[in-house]
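Q: sequence below, structure please.
(one chain, ligands or ions: 1)
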Amino acid sequence: MKKQFAGFQTRCVHSGEQLDKEGGIHIPLYNHSTFGFSTTSELLDVVEGRKQGNLYTRYGLNPTIRAVENKLASLEDAESAYVFSSGMAAETAVFMTYCAPGDKIICIGDVYGGTYELLSVNLKKFHIETTFLLGDELHMLDQVSDDKTRIVFLETPSNPNIEIFDIEEIAVFCKKRDILFVVDNTFASPVNQQPLQLGADLVVHSTTKYLGGHSDLTGGAVIGQSSMIEPLGIWRKNLGQIMAPEVAFLLARSLRTLAVRVKSQNQSAMKIAEFLQKHKKIEKVNYPGLSDFKGYNTAKKQMTGFGGMLSFEYKGTAKATSDMVDRLRLFSIAASLGGVESLVTQPITTTHHGMLPEERKRRGIVDNLVRLSIGLEDAEDLISDLDNASNIPSY
Ligand code: PLP
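A: Purely as a prediction, here's the structure:
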């Protein structure tokens, strides 16, 4: 990051950008798979690392990819970022890079269903075992870690119960034990929370969500110190996990408006959470901005905004809940989040559908839980949609 680009919004617009050769004001889309050289010695300078240059897109040596990586690093106030074909690809690269057979991972709290499956099924095949601690089992962190523990992984806010974990506190524990601390910052986005500044070693993102912001791209990123990011390169290259240049270009376009989008989503989510909290058909609202929410004090300490994600428990059965979801008109029923349009999902039907019912129960992912991703519509319109859908007493 250039020092003069100190403000977050300024960095969203300017970091990673340069005038292109034709005077275009942003880095253009270089969708080429390969880059040419005038001489063999120029090619060898790049291949042998004497010069930074463009070579082959799958290696990440592409100007459009490099530009969006520089912007992402700047937004998390970090040295480096690598982009990936998806959030899952980013996570896989982290686990493959930093764990070997026999190593252990500790996963704290609720995580995205795909992450849970990667840790509990795929990595197990490579003899990498994960211990899953529920949010209220955090006191057991010391007890479950040993000299084989390589990574502590968590999401905060978490998916779908919006649990909040104290990043600083867990970072201190990990530093003492020489364990890598990886935070999935997808729900908060760097507008609201900067885990690296709180002591985390690596941040991962599904850029499919807030960073992309328009539900029209799939991507991931890992961000941190260069010495921690560079080792991911060999996995990304050989597993073929690079983000497509077309996607990198679209992502850079979206990042320019990240701060204004997320700040507006924060404000609407707060209004909606306050409305739902008073609604007679709603049992419980999970939103870190509500002063009586369990994670409020920690969220206030480590977040500069409370985010656009919330969940609530509807008074009724699984069927009554999905009927209410079906009555919503402005919210689309969709599994993703972080876009300009509001989305709704009943986690048992999407993100946590693949999780065994006993495990869901253990995690408090109840049948009547509904997750909302608040978009950029007027908050008042979203509130009346929720009110209309909730009030029909059909059961
Ligand atoms: N992390 C979180 C918090 C998510 O919600 C998701 C997907 O929903 C992922 C990671 C995986 O991201 P992707 O779908 O881009 O692979």
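
Q: could you check whether stretch 254-274 is close to the ligand?
A: No - judged by C-beta under 6 Å from any ligand atom, stretch 254-274 and the ligand are separated, with a smallest distance of 13.8 Å. Just so you know, the C-beta spots here come from the backbone N, C-alpha and C atoms, and that holds for glycine as well.

Q: can I get the CA coordinates of that stretch in PDB?
A: The C-alpha coordinates for stretch 254-274 follow below in PDB (Å, rounded to 0.1, in the frame of the first residue of the first chain):
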ATOM      1  CA  SER A 254     -16.400  -4.500  -7.100                       C
ATOM      2  CA  LEU A 255     -13.800  -3.700  -4.500                       C
ATOM      3  CA  ARG A 256     -13.900   0.000  -5.600                       C
ATOM      4  CA  THR A 257     -17.300   0.300  -4.000                       C
ATOM      5  CA  LEU A 258     -16.800  -2.200  -1.100                       C
ATOM      6  CA  ALA A 259     -16.800   0.400   1.700                       C
ATOM      7  CA  VAL A 260     -20.000   2.200   0.600                       C
ATOM      8  CA  ARG A 261     -21.800  -1.000   0.000                       C
ATOM      9  CA  VAL A 262     -20.900  -2.600   3.300                       C
ATOM     10  CA  LYS A 263     -21.500   0.600   5.400                       C
ATOM     11  CA  SER A 264     -25.000   0.800   3.900                       C
ATOM     12  CA  GLN A 265     -25.600  -2.900   4.600                       C
ATOM     13  CA  ASN A 266     -24.500  -2.400   8.200                       C
ATOM     14  CA  GLN A 267     -27.100   0.300   8.700                       C
ATOM     15  CA  SER A 268     -29.900  -1.600   7.200                       C
ATOM     16  CA  ALA A 269     -29.100  -4.800   9.100                       C
ATOM     17  CA  MET A 270     -29.100  -2.900  12.400                       C
ATOM     18  CA  LYS A 271     -32.600  -1.500  11.600                       C
ATOM     19  CA  ILE A 272     -33.900  -4.900  10.600                       C
ATOM     20  CA  ALA A 273     -32.400  -6.700  13.600                       C
ATOM     21  CA  GLU A 274     -34.100  -4.200  15.900                       C
END
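
Q: list the buried residues for it?
A: 254-256, 258-259, 261-270, 272-273 (16 or more other C-beta atoms under 10 Å).

Q: among those, which lie within helices?
A: Among these, the members falling in helices (DSSP state H) are 254-255, 258-259, 261-270, 272-273.

Q: farthest pair in these?
A: Spanning the widest gap among these are 255 and 273, at 26.4 Å by C-beta to C-beta.

Q: enumerate every residue touching the residue lying closest to residue 157 once chain neighbours are set aside.
A: The shortest distance from residue 157 to any non-neighbouring residue, by C-beta to C-beta, 6 or more residues apart in numbering, is to residue 187 (4.6 Å). Applying C-beta atoms under 8 Å, 6 or more residues apart in numbering to residue 187 gives the contacts 155, 156, 157, 158, 159, 162, 209, 307, 309, 337.

Q: turn those into JSON lines, columns for secondary structure, pLDDT and distance to residue 103.
A: Shown next, in JSON lines, are these (DSSP: H, G, I helix; E, B strand; the rest coil; pLDDT from 0 to 100; distance: C-beta to C-beta, whole Å):
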{"residue": "155", "secondary structure": "strand", "pLDDT": "97", "distance to residue 103": "21"}
{"residue": "156", "secondary structure": "coil", "pLDDT": "98", "distance to residue 103": "23"}
{"residue": "157", "secondary structure": "coil", "pLDDT": "97", "distance to residue 103": "27"}
{"residue": "158", "secondary structure": "coil", "pLDDT": "94", "distance to residue 103": "23"}
{"residue": "159", "secondary structure": "coil", "pLDDT": "88", "distance to residue 103": "25"}
{"residue": "162", "secondary structure": "coil", "pLDDT": "96", "distance to residue 103": "30"}
{"residue": "209", "secondary structure": "coil", "pLDDT": "98", "distance to residue 103": "28"}
{"residue": "307", "secondary structure": "coil", "pLDDT": "98", "distance to residue 103": "32"}
{"residue": "309", "secondary structure": "strand", "pLDDT": "98", "distance to residue 103": "31"}
{"residue": "337", "secondary structure": "coil", "pLDDT": "97", "distance to residue 103": "31"}
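
Q: point me to the residue of the chain nearest the ligand.
A: Here the residue of the chain nearest the ligand is residue 87; by C-beta to the nearest ligand atom that distance is 2.4 Å.

Q: count of residues packed around the nearest residue to that residue once chain neighbours are set aside?
A: The spatially closest residue to residue 87, leaving aside those adjacent along the chain, is residue 206, at 2.7 Å (C-beta to C-beta, 6+ apart). By other C-beta atoms under 10 Å, 29 other residues sit near residue 206.

Q: low pLDDT regions in this structure?
A: 1-5, 392-395 (pLDDT under 70).

Q: write out the residues of it neighbouring the ligand.
A: Going by C-beta under 6 Å from any ligand atom, the residues of the chain near the ligand are 86-88, 112, 114-115, 155, 159, 184, 186-187, 206, 208, 218, 220.

Q: now do 8 Å
A: 86-91, 111-115, 155, 159, 184, 186-187, 204-209, 218-220, 335-337, 351 (C-beta under 8 Å from any ligand atom).

Q: what about those residues, which are in strands?
A: 155, 184, 204, 205, 206, 220 (DSSP state E).

Q: residues near the fourth one, how many?
A: Number of residues near residue 205 (other C-beta under 10 Å) recorded here: 32.

Q: kindly report the same for residue 370.
A: Residues lying near residue 370 (other C-beta under 10 Å) number 25.

Q: settle this for me: it is touching residue 318, isn't it.
A: No - with contact defined as C-beta atoms under 8 Å, residue 370 does not reach residue 318; the gap is 10.8 Å.
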